[in-house]
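Fold the following.
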Amino acid sequence: MVNVERRHFCLLFVLFSAGHVCGTEYVETGKDYTFTPTVTGVMETILWKFRNNKVVEFEFKDTTWYRFGDRGHLDTGTGKLTLMNMMKNESGLYQSEIQVNGKLHNTAHDLVVMDGVSEPKVICDVFPEGITLSCSVPNPVMVEYDWSGPDRLTYTGQTLNVSKKTSLKSVYFCTAKNKVSKKTTQFSIGSCYPPPVPVGLIIGVVAAILIILVVIAVIYKYREKFKNCFPVSTK
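Just a heads-up that it's a prediction; the model follows:
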């Protein structure tokens, strides 16, 4: 509902103002962002607003901050407004009113502050008909998934199906991305199968079992002699 309201406001702003810019812009949570107006020339006055409330004002060569003053910067030569360490609750409509040569120019910027993606994790499921690779990230927000792999493979989607005949040395790459970031992880098909048990370990285990069985057999065979070696006293 909020996004719809912002878009309606943008539409009205487009219809009733000149020199505007009205589109959705994105920034990652915690990063800095610079709003760039389209007007050029000697800035006589500058006013930036957020949700229709004043942010910073420049007139008579003086700059007055109403909010973001501790982490904002206004370039009075270009009209650019830079805000640092953006937070998600600072998403919304930002407007500028800049006077050049006595003429007022307006711009609008619909900003969305969103989290970047975490490193994706790949898991696999082996079925009789093939292998399915699944890629995911925790707390996904508008995430898209791209795959790449052997033989110039490219694919878009969260899951990828591959043949069981695929070499165990084959490596696939999953990239998770959204409007502000992307991260890639790699996955080897060999990870879908348990590692082979070393031959030496198998021989060692078998030898140990045989030795234990021999010891048990010897003890059982000579148990009577062992009893005579340790007579039980009676009172």
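
tell me the domain ranges of the protein?
Under automatic domain parsing, the residue ranges defining each domain of the chain are 2-114, 121-192.

Lowest mean pLDDT across the ones you listed, which one is that?
Of all those, mean pLDDT reaches its minimum on domain 2-114 (a mean of 87).

Not counting residues beside it along the chain, what's closest to the residue nearest the centre of the chain?
Centroid check for the chain by Cα atoms, centre = their mean gives Val117 as the closest residue, at 1.1 Å. Closest residue in space to Val117, ignoring its immediate chain neighbours: Ala176 at 4.6 Å, by Cβ to Cβ, 6 or more residues apart in numbering. Backbone N, C-alpha and C define where each C-beta goes, glycine included.

Adjacent strands (with direction) for whichever strand or helix holds that neighbour?
Of the helices and strands defined by DSSP states H and E, Ala176 is found in strand 171-177. The sheet places strand 171-177 alongside strand 144-149 (antiparallel), strand 182-188 (antiparallel), with pairing taken from DSSP bridges.

how about these, which one is nearest Glu57?
Nearest to Glu57, of all those, is strand 182-188, at 37.7 Å by Cβ to Cβ.

which residues are in contact with that closest one?
For strand 182-188, the external contacting residues (Cβ atoms under 8 Å, 6 or more residues apart in numbering) are 117-122, 124, 133, 135, 137, 168-177.

Buried residues of it, list them for me.
Within strand 182-188, the residues that qualify as buried by neighbour count (16 or more other Cβ atoms under 10 Å) are Phe187.
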